[in-house]
Each structure stands twice: as C-alpha cells, then as structure tokens.
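Participant: sequence-free structure coming up:
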C-alpha cells in the first residue's frame, strides 16, 4: 500500500539554525500538508500546498517557515532560524483531492531545538 | 472559541467494555467534513473515518461505530468490546468548505484499555 514517508525521523538542532524536513507524498496525490504537534498537545495545521503554491496557511506559519516541492516527488518544510518553541513532531500529509478527502499522514519528524 | 471540543481528556476502561468518545463541533458552514484519527503510542496518525455534513447516517466498521447528530453538533465514536490495542489518543477533526484546506483538530482523548 502506498504511504507517505518522512526524513529524518528525529532531528536535533541548535537554536538559530536552519532545518529542512523532508517528505515524499503518495505519488498520485495533488495536495500536500504540514502539521505540527507539540508534545502532548493537539495536532495543528501549518500549511497546504497545491499546484506549486501555498493554498492555505495558519497563523503559526510565519516568515520563518517556507515550503517547497523541489522536484516531482519531495515536499519540504524549511524553518529558517529555529526557536526553542519550534520543538515538536512535524507531520506531512497528502491527499488526492482537497482537505476533505482522506489525508494520509507520514510517520512524522521529531524536531528538537536546543 | 474552540471549533472542535473533546471534553474527555483521558478515559480508562477495562478490556471488553464499550467506550464512547465524545466530539462536539462548531461551524457556520453548511458544508463541512468531520474526521476521526487515531494516534497510537508509536506516534503516527491513522485515519479512521470521514463524514460529510450531508450524510447523517451512522456508520459501523467492525468494533467501531460513529454517531453523527447535526442537531447537537456531535460526532461521537464508540468502540465496542474494547481491546488493549485500542489504547491510543483519538482526535476528532473538522474541515469547513469556507476555510479551504485547513483541518482543525480537537485536543484529543487519551484512551487507556486496561487488561
């Protein structure tokens, strides 16, 4: 069964450093998403991406964040200058149709900012 | 105001008991979608069900069932004859047509199934 993959599974970085989280969505899906989950809290929407542009973003997704689909398979989330509060699990998801379609989530990348 | 409220933070039941997880949502849209996701201890998010606002028919899938009631803005989830493997955090979520691609999650209910 096709699945969303994410790398790395765990990333440790120092405050102020740039990080790139990588995702490979399911190949025939057209919509891509990033969510984050601070430890023990709810899952929060960050951004959705369609047709090579951001279709929706939350108030969390400020200028420190950017997304990109650099080639036909990868979907990346970049955090330019990490802060301690960026420590969280970051989930990538993809869906064939819009958000109301079933979203398939990746296993997540745990980001720890020290 | 919270759009998705899961009032039960944590529930513990003994194996084989039935358990219902509550979800109350708030929306002004006439077109919206409701979801349930399971997050086991391993951390991944597992899709369980999607229901659109025009379909109030209840659904049963094995030991899982969902009760959607627009009159009370609720979308409750029942596990029948619970098993230890059902132990997880369960999230209810809402997607509103007017908000495009954003899915709003509730805070989750942590379910412990005791052997």
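Facilitator: Happy to help now that I have it. These numbers come from a predicted model, not from an experiment. Numbering: from 1, shown residues only, chains lettered A, B, ... in the order given.
Participant: Which strands or helices does the lowest-mean-pLDDT helix or strand in chain B pack on?
Facilitator: Ranked by mean pLDDT, DSSP states H and E, the weakest helix or strand in chain B is strand B:59-61, scoring a mean of 87. Judged by 3 or more CB pairs under 8 Å, 6 or more residues apart in numbering or on different chains; DSSP states H and E, strand B:59-61 is in contact with strand B:46-52, strand B:64-69. All C-beta spots, glycine's among them, are computed from the backbone N, C-alpha and C.
Participant: quick one: the last one to chain centroid distance?
Facilitator: Pointing back at strand B:64-69 there. Centre-to-centre, strand B:64-69 and its host chain are 9 Å apart (CA atoms, centre = their mean, to the nearest Å).
Participant: which other residues reach it?
Facilitator: Outside strand B:64-69, the residues within contact range by CB atoms under 8 Å, 6 or more residues apart in numbering or on different chains are B:34, B:36, B:48-49, B:51, B:55-60, B:74-80.
Participant: Where does pLDDT dip in the chain?
Facilitator: Assuming you mean chain A. Along chain A, segments meeting pLDDT under 70 span A:99-100.
Participant: wrong one, I was asking about chain B
Facilitator: Scanning chain B for pLDDT under 70 picks out B:1-2, B:99-100.
Participant: quick one: the strands in it?
Facilitator: Along chain B, counting by DSSP state E, strands occupy B:4-5, B:10-14, B:19-21, B:24-25, B:32-39, B:46-52, B:59-61, B:64-69, B:74-79, B:88-96, B:103-105, B:109-114.
Participant: From the contact counts, what lies against the fourth one?
Facilitator: In terms of contacts (3+ CB pairs under 8 Å, 6+ apart), strand B:24-25 is packed against strand B:4-5, strand B:74-79.
Participant: Same list (these) but as a markdown table, adding distance to chain A and mean neighbour count.
Facilitator: Below are the helices and strands packed on strand B:24-25 laid out as a markdown table (distance: least, CB to the nearest CB, whole Å; neighbours: other CB atoms under 10 Å in any protein chain shown):
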| stretch | distance to chain A | mean neighbour count |
| --- | --- | --- |
| strand B:4-5 | 9 | 20 |
| strand B:74-79 | 14 | 20 |
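Participant: Export these as TSV, with columns for distance to residue A:91.
Facilitator: Shown next, in TSV, are the helices and strands packed on strand B:24-25 (distance: least, CB to CB, whole Å):
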stretch	distance to residue A:91
strand B:4-5	17
strand B:74-79	21
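Participant: Which of the ones you listed sits closest to residue A:59?
Facilitator: Shortest distance between residue A:59 and the helices and strands packed on strand B:24-25, using CB to CB, is found for strand B:4-5: 17.1 Å.
Participant: who touches the closest one?
Facilitator: B:23-26, B:92-94, B:104-106.
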